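**Q** Structure, please.
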Amino acid sequence: MLSILTGLLGFAGPFLPELLKFFTRKQDNAHELALLEMRLKAGAQEHLWKMEEITATADIAEAKELHKPQVSFGVQILDKAHDSGMNPWLVAPVFYLFAALDFINGMVRPAVAYASFGFYIAYKWAMYETLTSDRFGNTPASALTQLWGEQDWAVLTLILSYFFGARVAKLAFGGKAK
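**A** Predicted coordinates for the structure are as follows:
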């Protein structure tokens, strides 16, 4: 029996290094796959970081562009006329035209805001007059309580929170609060 066992062991002996190499290669391949998977995850994470950096850079550039002072076309025309040696009196009508256009352009948002507020006040005044008329017979105090509703509170809260929030943001992030 010992001779059979030694014969089998002698016959299998040359295969042992190859068998060990096979298991070693299997472990090496598993290790390489794990490294490759970690590199892929790191690459994907790096890509996300790069995209976030690009987005942040674009947001900063957009904010800078939005907060740039508006360039006046009339002043640019006068500067170019002065640089070219042209008589400013020849350019004056064009300057005044662009100055007027700059003024109109700058007044669009405030004009819309003031007009909306004016219409709101006019509507509330008309409602007050209607509620205090002889037809309804309300006292001025009861008419005011009927005029002021949930939506009016929401609008007032929105305006005040925006105003004070903008002041705090200016103080916190630089600039002067008006």
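
**Q** residue ranges with poor pLDDT in this structure?
**A** 1-3, 5-6, 8-9, 11-13, 15-16, 88, 174-178 (pLDDT under 70).

**Q** And the helices in it, which stretches?
**A** 2-12, 15-66, 73-84, 88-131, 140-147, 150-173 (DSSP state H).

**Q** got the phi/psi numbers for His67?
**A** With angles defined as degrees, to the nearest 10, His67 sits at phi -100, psi 10.

**Q** What is the neighbour count of it?
**A** His67 has 8 neighbours, counted by other C-beta atoms under 10 Å. The way it works is simple: take the backbone N, C-alpha and C, and place the C-beta from them, glycine included.

**Q** give me every residue that touches it.
**A** Residues near His67 by C-beta atoms under 8 Å, 6 or more residues apart in numbering: none.

**Q** State the distance from it to Leu36.
**A** Separation of His67 from Leu36 (C-beta to C-beta, to the nearest Å): 47 Å.

**Q** And Ile159, by the same measure?
**A** 58 Å.

**Q** In space, not sequence, find me the middle residue of the protein.
**A** With distances taken as C-alpha atoms, centre = their mean, the residue of the chain nearest its centroid is Asp59 (6.4 Å).

**Q** Which residues are in contact with Ala126?
**A** Contacts of Ala126 by C-beta under 8 Å, 6+ apart: none found.

**Q** so how far is Thr132 from it?
**A** For Ala126, the distance to Thr132 - C-beta to C-beta - is 11 Å.

**Q** same question, Ala166
**A** Relative to Thr132, Ala166 is positioned 37 Å away (C-beta to C-beta).

**Q** Neighbour count for the two, which is higher?
**A** Regarding Ala166 and Thr132, a neighbour count based on other C-beta under 10 Å identifies Thr132 as having more, with 16 against 12.

**Q** Need phi/psi at that one.
**A** Per degrees, to the nearest 10, the backbone of Thr132 is at phi -90, psi 0.

**Q** For the residue nearest to it when sequence neighbours are not counted, which residues are in contact?
**A** Once flanking residues are discounted, Thr132 sits nearest to Ala143: 4.9 Å by C-beta to C-beta, 6 or more residues apart in numbering. When contacts are counted by C-beta under 8 Å, 6+ apart, Ala143 touches 128, 131-132, 136.
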